[in-house]
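Novice: how does the following fold in three dimensions:
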Amino acid sequence: MTSKEILVFIIGILLVGFLYLMKNPIAIGDATQYSQIEKNIGIDLLPNEQTNTFDPSTNFPILENILDIPAWTFDLAELEALTSDELVSSIQLAIQQQRYFQPENDNALFYLINLKSLDSDNLHIIELTEAINQQLSSQTQIAIQANDEKQLISIIARTKTLSKNNSNIKELRKKLVTIKTINKLYAKGTEQIFNNLIVREDSQDAWHTAKQCLDIDFNNSKTQLLVTKVNDILIDRALRAAEETDFIFAQSQIEQAQLLDPNSFIVAQTQNKISQLRQQRYLWLEQQLAIAIDRINISRAQRMLNQLAEIGLQRSQLDDYQSELDRITTFGKYQPLQIFSHQNPTSIKLPNMVVIPTGSYVMGSRNGPKHEKPPHTVNINYGFAASQNEISVADFRLFIQNTNYKTDAEKNNTSKIYDIRTGRLKNKNRINWQKDYLGKKAKGNIPVIHVSWNDAIAYTQWLSELTGKNYRLITESEFEYILRAGSKSIYPRGDSTPLQVIENLTGKLDKSKKSSRIRWKNGFDKYNDKYWGPAPTGSFINNPFKLNDTAGNVMEWVMDCWHDSYVRAPLDGTSWTNPGCEDHVIRGGSWSSAKNEFTSSHRFRARAPFTDARLGFRVAVDLLP
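Specialist: Numbering: from 1, shown residues only. Got it, this is the predicted structure:
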């Protein structure tokens, strides 16, 4: 054979094959290859990777192309011997026996085409054509519902066979394109489910494939089936995450399901269930957090708070709870500025304590003497309480009665008292904590004086043993902090003479009841608190920290050793002590101090055994959780 003859032969074979495929069409891209995948789906419903970002947008998919579908062709030579009436009878019998299109060359459509060829004016043609069209319409609905590409191709071919100009052919072709595209997407989505690719950051997942199907044809049966499969997984993940208290992930899953099917009753029902589980968890965690806070169980309270954050509690509520947690971490069971008194086994009345708020301030002075410099910021970020009043004679008497302690003044048999005749201090024998500033018997409500630093330490040790708490002398930086109580002025309550009576200070209008001729030369102008000598504790208005007599009445021992400046001083409120130091710091003014000794930065020093008619103390206690 020549090359030309070979080419003609090959073309002939291809044409025969093409005509055979047109008469016996098969669906292109048949999804049956995925049927086994659907039967054997084994999905790990727990997410193996939680997506950090989720983009619900999708690109509209490229629709599948289809070749032109030809009408059926028949070999009519076999029926040339049949009459019109015989053909009509054959058609009616085939319709009656439901042989509309099969078997080949023995069906209603085959006979109708022959009838039209033999007798185009036959009166039965319209009736019989309508019957076959109705069957085609019925099969069309079934094929569309089943997404049956093969059947729909056959229907298009049969419709063309009946009438090449049938207006339904164009719509059928559109429907075929849709079904073919969705079948392909459905197979893709099913495979993605099999591979557990439900939601991915790159959008190459079953969720986005189902969304593409929705974009093409919302009502398509396989679209709805794929949406259901994806949402069933998302719902199951959401419920399992909620049961494991991972409500953030649960909410992300249910939101993705809602985006895919906003009107789903099951999705809405699941959302309600998750909300109920979340609310129950909220209530339980809040209850446990409250109990942990009440019991000062900081580690458990922090765990409860962390879990509340994990399930998405609002930031404002988290901040409130965090503030409470910070409070108990710093102050234990107490609130800032709360006044309390520790209980003890012997029911002894102990000093009232005030919880001091945390904060920072600048300690010292730029313009003062060297020992008040340099000014430096001190941070008080821990919990402690200070006695609301200076320790009274009655307070100190309980200590002596319960310990038989002997003070330094008793050991030395002397202390300094005020001489009303000379207006000066002088040593006098047999003076101790039971005496007042004149050497007379002291009333129980005045601050205890004639006590040394050693005596004050002994008193705090007794309080610690009695209560099991860490009582101590207040540190120097703590004292200036509570003295200023937020102020930055020269004096604790201003830069000049107070406008009202605030404490027992020296005023030029003060008078001694023993001698009206004596006046304070270095006191505040036009100030008269009506006390000459110590006043009963708590006689005046308290400062912003609810403390009394921090600036006046009596000077106060503090814990620190004396240093000639604040160079290298602690910045955290702790005491500045050195082993074996002899001099200790005294802070605050007294009933007889000069005006300049009432400044917030004023310091004084004395040896640990020193006692005086102007000197007392107050105590502090650490608030350990």
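Novice: any low-confidence regions in this structure?
Specialist: 1-52, 63-67, 72-80, 515-516, 625 (pLDDT under 70).
Novice: and it, what are its domains?
Specialist: 3-43+60-182, 278-331, 353-391+448-622 (automatic domain parsing).
Novice: quick one: closest of those domains to residue 231.
Specialist: Closest of those to residue 231 is domain 3-43+60-182, at 13.2 Å (criterion: Cβ to Cβ). C-betas here are computed from N, CA, C, even on glycine.
Novice: residue closest to the middle of the chain?
Specialist: Taking Cα atoms, centre = their mean, the centroid of the chain lies closest to residue 309, which sits 3.2 Å from it.
Novice: now name the helix or strand holding the nearest residue to that one once chain neighbours are set aside.
Specialist: Spatial nearest neighbour of residue 309, excluding adjacent residues (Cβ to Cβ, 6 or more residues apart in numbering): residue 318 at 5.7 Å. Element membership of residue 318 [criterion: DSSP states H and E] is helix 315-331.
Novice: name the helices or strands packed onto the next helix-or-strand element following that helix?
Specialist: Note on helix 315-331: by DSSP H and E, the next helix or strand toward the C-terminus is strand 339-340. When contacts are defined as 3 or more Cβ pairs under 8 Å, 6 or more residues apart in numbering; DSSP states H and E, strand 339-340 sits against strand 353-356.
Novice: tell me the secondary structure of the residue nearest to the centre of the chain, please.
Specialist: Residue 309 falls in the helix class when you classify it by DSSP: H, G, I helix; E, B strand; the rest coil.
Novice: go ahead and confirm it touches residue 319.
Specialist: No: taking contacts as Cβ atoms under 8 Å, residue 309 lies outside contact range of residue 319: 10.7 Å.
Novice: on that earlier part again, looking at the domains of the chain, which is buried most?
Specialist: domain 353-391+448-622 (a mean of 20; mean count of other Cβ atoms under 10 Å).
Novice: now that one, how far from the centre of its chain.
Specialist: 43 Å (Cα atoms, centre = their mean, to the nearest Å).
Novice: what's the end-to-end length of it?
Specialist: With Cα to Cα, to the nearest Å as the measure, the first residue of domain 353-391+448-622 is 11 Å from its last.
Novice: show me the strands in the stretch 251-400 of the chain, by range?
Specialist: For the stretch 251-400 of the chain, applying DSSP state E, counting those that start in this stretch gives strands covering 339-340, 353-356, 359-363, 376-380, 384-387.
Novice: as a markdown table, the ones you listed with distance to residue 531 would be great.
Specialist: Output for the strands of the stretch 251-400 of the chain, formatted as a markdown table (distance: least, Cβ to Cβ, whole Å):
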| stretch | distance to residue 531 |
| --- | --- |
| strand 339-340 | 24 |
| strand 353-356 | 23 |
| strand 359-363 | 29 |
| strand 376-380 | 31 |
| strand 384-387 | 20 |
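Novice: nearest to residue 467, out of these?
Specialist: strand 353-356 (10.6 Å).
Novice: I'd like to know which elements the closest one is packed against.
Specialist: By 3+ Cβ pairs under 8 Å, 6+ apart, strand 353-356 packs against strand 339-340, strand 384-387, helix 476-484.
Novice: rebuild these as JSON lines, extending it with distance to residue 184.
Specialist: Formatted as JSON lines, the helices and strands packed on strand 353-356 follow (distance: least, Cβ to Cβ, whole Å):
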{"stretch": "strand 339-340", "distance to residue 184": "76"}
{"stretch": "strand 384-387", "distance to residue 184": "74"}
{"stretch": "helix 476-484", "distance to residue 184": "76"}
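Novice: show residues contacting the helix holding residue 318.
Specialist: 289, 293, 296, 298, 301-302, 305, 308-309, 313, 335-336, 355, 358, 381-383, 623, 625 (Cβ atoms under 8 Å, 6 or more residues apart in numbering).
Novice: same thing but 6 Å
Specialist: For helix 315-331, contacts defined as Cβ atoms under 6 Å, 6 or more residues apart in numbering pick out 293, 296, 298, 301, 305, 309, 355, 383, 623.
Novice: how about these, which pair is most distant?
Specialist: 309 and 355 (27.9 Å).
Novice: the strands in the protein, which residues?
Specialist: 339-340, 353-356, 359-363, 376-380, 384-387, 414-419, 424-429, 471-473, 555-561, 583-587, 603-607, 615-617, 619-622 (DSSP state E).
Novice: what pairs with the fourth one, parallel or antiparallel?
Specialist: By that I understand strand 376-380. Pairing partners of strand 376-380, with direction, according to DSSP bridges: strand 359-363 (antiparallel).
Novice: likewise for the first one?
Specialist: The partner list of strand 339-340 in its sheet, established with DSSP bridges, is strand 353-356 (antiparallel).
Novice: the last one now?
Specialist: Within its sheet, and counting by DSSP bridges, strand 619-622 is paired with strand 384-387 (antiparallel), strand 471-473 (antiparallel).
Novice: so which of those comes closest to residue 69?
Specialist: Per Cβ to Cβ, nearest to residue 69 of the strands paired with strand 619-622: strand 384-387, 91.7 Å.
Novice: tell me which of the helices and strands packed on strand 353-356 approaches residue 528 most closely.
Specialist: Using Cβ to Cβ, the helices and strands packed on strand 353-356 put helix 476-484 closest to residue 528, at 22.5 Å.
Novice: give me the contact list for stretch 232-243.
Specialist: 45, 47, 198, 249-250, 253-254, 256-257, 270, 274, 277.
Novice: in space, what's closest to residue 258 - neighbours in sequence excluded?
Specialist: Using Cβ to Cβ, 6+ apart, the closest residue to residue 258 is residue 267 (5.5 Å).
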